[in-house]
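# Predicted model and sequence below, questions to follow.
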Amino acid sequence: MKAFVSLWSADPLDIGGDIDRVAGHADGFHIDVTDGHLTPQLLFGPDFVAAVRKRTELAIEVHLMVTNADVWIGPFLEAGADIVTVHRRSTRDLPATLARVADGGATPGLAVETHEPVGDVSALAGAFDRLLLMGTEIGVKGVEVDPLVYGRIGEAVALREGMGGFDLFVDGGIRQHTVGLMAAAGADGVIPGSLVYGAPDPAARLSWLHGLR
Ligand SMILES: O=C(CO)[C@@H](O)[C@H](O)COP(=O)(O)O
């Protein structure tokens, strides 16, 4: 199981230190971007991503939870994002938005919210390389996963056979008692927040996570 660690759950007064603490163990970092409109939170802009870029060579995923994704793709690519993940609700033309990410040299990711049918992604075969399946509502942390997520992971695994493949990650509700079930259902990776930064030894927690399948 891979892990892109969510910096939203790092210590806001020591984010650099928290990046360094897991850098030799994480597969990448996940940076949530919210605009107080599509989601109630206000989180992380391009300057923050540029600073993280200077601190680590690991992959950076920017998770755009904003009303107009198209406006923000350019600034986040310039800041050094490797993966930009967008929501269907964030654009009027989802294929064009995903293509904008790919044309900018980054990996296009598609986030699927808990209320959205997983099957809808089949119409977008080839347009994205990463599927971010939400385990909770967007823009919240510290909440438990929707138990339907395990079946939804299975649905996505079945679909990708005929879609040319994509990496399948789960975001939200990543806990010690949920992550093994996510691995068993077929997820390639997860977005741990407090599971890593709330652990007494974040590096050991990541090693444990990597051993799950
Ligand atoms: O955005 C999300 C969840 O929506 C994650 O990226 C959070 O960071 C998860 O935090 P924890 O609840 O796992 O601490």
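Cool, got the structure.

# How about the residues of this protein by the ligand?
Applying CB under 6 Å from any ligand atom, we find that the chain lies next to the ligand at 6, 8-9, 30, 32, 136, 138, 140-142, 171-172, 174, 191, 193-195. C-beta here means a position set from N, CA and C on the backbone, and glycine is covered the same way.

# Of those residues, which belong to helices?
In this view, the residues of the chain next to the ligand that belong to helices under DSSP state H are S194, L195.

# which among the residues of the chain next to the ligand end up buried?
6, 8-9, 30, 32, 136, 138, 171-172, 174, 191, 193, 195 (16 or more other CB atoms under 10 Å).

# Can you check which helix is longest in this protein?
Per DSSP H, the chain has its longest helix at helix 149-161.

# just how off-centre is that helix within its chain?
Centroid separation between helix 149-161 and its chain, computed with CA atoms, centre = their mean, to the nearest Å, is 17 Å.

# can you pull out the helices in this protein?
15-22, 46-55, 69-79, 94-103, 149-161, 176-185, 194-197, 202-210.

# Next, the buried residues of the fifth one.
Within helix 149-161, the residues scored as buried using 16+ other CB under 10 Å are V149, Y150, R152, I153, E155, A156, V157, L159, R160.

# Just put the residues you listed in JSON lines and tack on distance to T85 and pLDDT.
Formatted as JSON lines, the buried residues of helix 149-161 follow (distance: CB to CB, whole Å; pLDDT from 0 to 100):
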{"residue": "V149", "distance to T85": "17", "pLDDT": "98"}
{"residue": "Y150", "distance to T85": "21", "pLDDT": "98"}
{"residue": "R152", "distance to T85": "17", "pLDDT": "98"}
{"residue": "I153", "distance to T85": "17", "pLDDT": "98"}
{"residue": "E155", "distance to T85": "19", "pLDDT": "97"}
{"residue": "A156", "distance to T85": "14", "pLDDT": "97"}
{"residue": "V157", "distance to T85": "19", "pLDDT": "97"}
{"residue": "L159", "distance to T85": "18", "pLDDT": "95"}
{"residue": "R160", "distance to T85": "16", "pLDDT": "92"}
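
# So in terms of bridging, what pairs with L133?
Using DSSP bridges, the beta-bridge partners of L133 come out as V112, V170.

# For it, give me the pLDDT.
Predicted confidence (pLDDT) for L133: 98.

# right, and it touches L148 too?
No. The criterion here is CB atoms under 8 Å, and L133 misses it with L148 at 10.5 Å.

# A99: how many residues sit nearby?
14 (other CB atoms under 10 Å).

# which residues touch V33?
By CB atoms under 8 Å, 6 or more residues apart in numbering, the residues touching V33 are L43, F44, G45, V62, H63, L64, M65, V66, W72, F76.

# tell me the contacts of the closest residue to the ligand within the chain?
Closest residue of the chain to the ligand, CB to the nearest ligand atom: G193 (2.7 Å). Residues in contact with G193 (CB under 8 Å, 6+ apart) are V5, S6, W8, S9, K141, I174.

# Equivalent analysis for V157, please.
L168, A185, G186 are the contacts of V157 under CB under 8 Å, 6+ apart.

# phi, psi of the last one?
In terms of degrees, to the nearest 10, the main-chain angles of G186 are phi 120, psi 10.

# What pLDDT is listed against the residue nearest to V145 when sequence neighbours are not counted?
Distance criterion CB to CB, 6 or more residues apart in numbering; nearest residue to V145, sequence neighbours excluded, is G173 at 2.6 Å. For G173, the model assigns a pLDDT of 96.
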